[in-house]
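J.: what follows is a predicted structure for the sequence shown.
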Amino acid sequence: MNLLPKSLIEPRFSGSCLSTPSKPGKSDPPKENRFLEQKALYEPLLDRHKFDLLQDASKKYIQATDGDARVAAYAWISKILNCICLPQDTVGIAFQQRPQQEGSESSVKMKLKLAPQFPFSLSENCKLLSPIMQSEEKPLLALYQKKGAWVPSEEAVARGQTALQYDSVTTDLPLARQKSLAKLIQTVPGIRLEVQDFLGRTPLHHVSEQGYLPIVNALLKADVKKDGIDTTGCSPLHLAAGRGHQDTIQAFLDAGANPDVCTYIGSPLHSAAFGGHRAALLQLIKANAATESRNHERETPLHIAASQGHLGVVQALIEAKANINAKTQDARTPMHAAAHNGVLPVLEALIQAKGDIQAQDHAGCRPIHLAAEAENQDVLERLLALGSPVNSVDRSGLTPLHYAAAMGHQGTVNTLLHHKANVFATDHTRKTPLHWAALQGHSETINILIGHQADINAKDKSGQTPLHLAAAEGKLDALNTLILEHYADILEPNNQEQTPLHLAAAAGKLDVVNRLIVLGHGMGMNINAPDEQGQTPLHLAALRGRATVVETLLGNGADLQATTYHGGTPLHLAASSGKAAVVATLIQAGAKLNAQELSGKTPLHYAKSQDIANILLVAGAKRSIRDHSGHASGW
């Protein structure tokens, strides 16, 4: 019985080509030739309808209620597959010489078993097979798999990979399978060799990365695009170089690939340098790859090798006359990269090649700054021994000690102090290394610096002490260290007359607020101390919407009705900043709803939104009150 409209079957599907073939006789053409004849005859129609034909026939097979219908559907599916898939035992004939057996006068033909090329993407493949798998129709599933269909993983389907791509990304693909795929590529016309996956990678990208030389050679002979760039900026040659596949690299070079194909990640030379593949790098250099090629950050391969600590690659590039002091877009040299990476032999190689240990980047940062920042003790000691100034400053006035203190690198701090680093050095904001240690909350570093006479109450350009910075950043351990172990002044104001409690309240650092209140009780701390504008810690917490801090301050005696020098209460500030939760908290605590500041404005005048106005009005705020200019609130 026919399962499809007659117009799709006749006249082209009415001949004997699709009938069950008889056993070939001596005069029959070779089996593979008969296949190609059938393929040429029927492929034009199947190219348009093969997926729909198979999907419809498979559906009818699954839904069939009698044996005849199932047999007919199975036969029809088989005929379609025979026309669009190379049979497994007729592809890729391998002619191998066997030792001649006794009485034999000729060699024996050996067939290399190949999976047929199933002409659909994995997503289409999955769409065809999923209903069959769900219905557990094992005979039909076996037929599809025999013809090369795959049961792909969800990951492969999501990537939109074809079967060839799926094999090409498989790690440790056996050599026999590599040769099989290579033979398939050479034998079967019309295989989609340049289909891109979600990364923009073709099969050539994948097999180059894996180093599958037989497949690489087959694809190159098929004249696929050699220098295609994927979405990560890699050509196939980049990927081969990044894995150090020398045979694959040579195949590309022999095929005329450009060894200097450069993208935003750099050239293949960058990839070899990143991977630490000295031999592959030398191979590319021999092919005239430019050692001065740049990536999007203007790094050369030498920058990359130095940053990764690959000594052999660094030495090879130095021998190839790479520019030892080449600068990136930030003006950093390979010496900067080596100092930050911390591999001493790499640094020594650069030094011997006349690398500049005093080179400065655009921020004025020298290699010694980066060594201190990264806690690279050996490199730091070597740079100091070579005369790099221990107190050298960058363009922000930061010394290596500032860098180490900010990172909390205790060993590096001790090393720098041992070499007479200035513990009182200030940057352009007048912050000392102790300020930076407190800012980042490094308690042990604070102890080391104070042990070397650092000034615990030193002030920066804004009048902030290290305690102010620890409070503002919520660094509770550092705050405890400064107050309890070194007696930092808890009452000291900054240039705006703000104490550490003001800053902690404004920043919403509840743990620090609680700690300062507890410690301040015995030190005469005034919880209602005004700053230069008359703002108390409660004003600042209300203005910033720190509801839990507001509750804590109120619970510890903060004045709900305190006014700024302009007459504003905490409720004025909360209403003006639109902090509904704080407005509600202050009202519940008894804040005066109609308090007027010096201009005559009430909190309702300052209400930032309708929601804030509604809260005030429901609580009893008066619309009728006018300010001294005669304006009502407008709500």
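T.: Arrived safely, thanks for sending.
J.: please make it C-alpha for all contacts and neighbour counts, starting now.
T.: Fine.
J.: got the contact list for residue 80?
T.: Neighbouring residues of residue 80 by CA atoms under 8 Å, 6 or more residues apart in numbering: 50, 54.
J.: ok, the nearest residue to residue 238 once chain neighbours are set aside - how many residues close by?
T.: The spatially closest residue to residue 238, leaving aside those adjacent along the chain, is residue 268, at 4.3 Å (CA to CA, 6 or more residues apart in numbering). As a burial measure, the neighbour count of residue 268 was computed by other CA atoms under 10 Å and equals 32.
J.: wait, what's in contact with residue 268?
T.: Applying CA under 8 Å, 6+ apart as the definition, the contact partners of residue 268 turn out to be 237-239, 241-242, 259-262, 284.
J.: run the last query once more with 10 Å
T.: The contact partners of residue 268, by CA atoms under 10 Å, 6 or more residues apart in numbering, come to 234-242, 249, 258-262, 274, 280-281, 284, 289-290, 293, 301.
J.: what's the distance between it and residue 532?
T.: As defined by CA to CA, to the nearest Å, residue 268 lies at a distance of 62 Å from residue 532.
J.: quick one: residue 303 and residue 271 touch, right?
T.: No: counting by CA atoms under 10 Å, residue 303 does not reach residue 271; the two are 11.9 Å apart.
J.: between the two, who's got more neighbours?
T.: The neighbour count for residue 303 versus residue 271, taken as other CA under 10 Å, is higher for residue 303 (29 against 26).
J.: what's the nearest residue to the more buried one if we skip its chain neighbours?
T.: Nearest in space to residue 303, with sequence neighbours left out and distances taken as CA to CA, 6+ apart, is residue 334 at 4.6 Å.
J.: mind listing what's buried along the helix or strand hosting residue 448?
T.: In this structure, residue 448 is located in helix 443-451 according to DSSP states H and E. Along helix 443-451, the positions that meet the burial threshold by neighbour count (16 or more other CA atoms under 10 Å) are 443-450.
J.: hmm, who's touching it?
T.: By CA under 10 Å, 6+ apart, the list of residues contacting helix 443-451 reads 401, 404-411, 413-414, 417, 423-424, 433-438, 452-456, 466, 475-482, 485-486.
J.: so what's residue 228 up against?
T.: Contacts for residue 228 (CA under 10 Å, 6+ apart) come out as 194, 200-202, 204-205, 234-237, 261.
J.: tell me the SS of it?
T.: The assignment at residue 228 comes out as coil when based on DSSP: H, G, I helix; E, B strand; the rest coil.
J.: can you start the count at 262 instead of 1 from here on
T.: New numbering, starting at 262: the last item is residue 489.
J.: quickly note the distance from it to residue 786.
T.: As for residue 489, its distance to residue 786 is 70 Å (criterion: CA to CA).
J.: next one: residue 540
T.: Computed as CA to CA, the residue 540 to residue 786 distance reads 70 Å.
J.: average pLDDT across the helix holding residue 709?
T.: Throughout helix 704-712, pLDDT has a mean value of 97.
J.: then it to CSV, C-alphas only?
T.: Only the C-alpha atoms of helix 704-712 are listed here, as CSV (Å, rounded to 0.1, in the frame of the first residue of the first chain):
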residue,chain,number,x,y,z
SER,A,704,43.9,42.8,60.2
GLU,A,705,47.3,41.0,60.3
THR,A,706,48.7,43.5,57.8
ILE,A,707,47.5,46.3,60.0
ASN,A,708,49.4,44.7,62.9
ILE,A,709,52.6,44.5,60.9
LEU,A,710,52.4,48.1,59.7
ILE,A,711,51.7,49.5,63.2
GLY,A,712,54.5,47.3,64.5
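J.: how far is it from where the chain is centred?
T.: Helix 704-712 has its C-alpha centroid displaced from the chain centroid by 36 Å (CA atoms, centre = their mean, to the nearest Å).
J.: do stretch 591-608 as well
T.: If you compare the mean C-alpha spot of stretch 591-608 with that of the full chain, they lie 24 Å apart, counting by CA atoms, centre = their mean.
J.: which parts of that stretch are buried?
T.: By neighbour count, and taking 16+ other CA under 10 Å as the criterion, the buried residues in stretch 591-608 are 592-605, 607-608.
J.: cool, stretch 632-647 as well?
T.: Of the residues in stretch 632-647, 632-638, 640-642, 644 count as buried by neighbour count, 16+ other CA under 10 Å.
J.: with stretch 730-740 instead?
T.: Going by neighbour count (16+ other CA under 10 Å), the buried part of stretch 730-740 is 730-737, 739-740.
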